[in-house]
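S.K.: quick check, what structure comes out for this input:
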Amino acid sequence: MPERCPECGQIYFPEVGFYWGSMYISYAVTVFFSLVNVALLWLIFGFDLWLIIVGNAVLLFAGLPLYYRYSRAIWLKVFVPFSEEAFNEAEEKSAGHA
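M.R.: You can find the predicted model right below:
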């Protein structure tokens, strides 16, 4: 993960341990998708406990990179306000160098 946003220059690591809270968001997202996975597997294949457990594990494992990335993005969005002035300054600087 880069230290700054390439578009606006926003620092992605405002302080040490900033993303610890994103674990809670990641947990909530994972539980939500686990419930959806189990419901879909149950509807498609019926109640086969081992199939549901293994199928859910495989689907959750496949989605881990997305859960991790989006939980950090949501956490950053909640606690770091978007500054339109900083974004406009970054655009002007990049347009001046082009």
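
S.K.: now do the longest helix along the chain: which elements does it pack against?
M.R.: Longest helix in the chain by number of residues, with DSSP state H as the criterion: helix 49-79. When contacts are defined as 3 or more Cβ pairs under 8 Å, 6 or more residues apart in numbering; DSSP states H and E, helix 49-79 sits against helix 22-45. For the C-beta atoms, the positions are set from N, CA and C on the backbone; glycine is no exception.

S.K.: from the contact counts, what lies against the helix it packs on?
M.R.: Right, helix 22-45 is packed against helix 49-79 by 3+ Cβ pairs under 8 Å, 6+ apart.

S.K.: pretty sure residue 71 sits against residue 25.
M.R.: Yes. Between residue 71 and residue 25 there is a contact under Cβ atoms under 8 Å: 4.2 Å.

S.K.: more neighbours: which of the two?
M.R.: Neighbour tally, residue 71 and residue 25, criterion other Cβ atoms under 10 Å: the higher count belongs to residue 71, 21 against 18.

S.K.: for stretch 5-20, C-alpha coordinates in PDB please.
M.R.: Output of stretch 5-20 as PDB, limited to C-alpha atoms (Å, rounded to 0.1, in the frame of the first residue of the first chain):
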ATOM      1  CA  CYS A   5      -2.800   8.800  -2.500                       C
ATOM      2  CA  PRO A   6      -1.500   9.400  -6.000                       C
ATOM      3  CA  GLU A   7      -4.400  11.700  -6.900                       C
ATOM      4  CA  CYS A   8      -4.700  14.000  -3.900                       C
ATOM      5  CA  GLY A   9      -1.600  13.300  -1.700                       C
ATOM      6  CA  GLN A  10      -3.700  12.100   1.300                       C
ATOM      7  CA  ILE A  11      -1.500  10.200   3.800                       C
ATOM      8  CA  TYR A  12      -2.800   6.700   4.200                       C
ATOM      9  CA  PHE A  13      -1.100   6.100   7.600                       C
ATOM     10  CA  PRO A  14      -2.200   9.100   9.700                       C
ATOM     11  CA  GLU A  15      -0.800   7.500  12.900                       C
ATOM     12  CA  VAL A  16       0.700   4.300  14.200                       C
ATOM     13  CA  GLY A  17      -2.000   1.600  14.700                       C
ATOM     14  CA  PHE A  18      -4.600   3.600  12.800                       C
ATOM     15  CA  TYR A  19      -6.000   0.600  11.000                       C
ATOM     16  CA  TRP A  20      -6.600  -1.600  14.100                       C
END
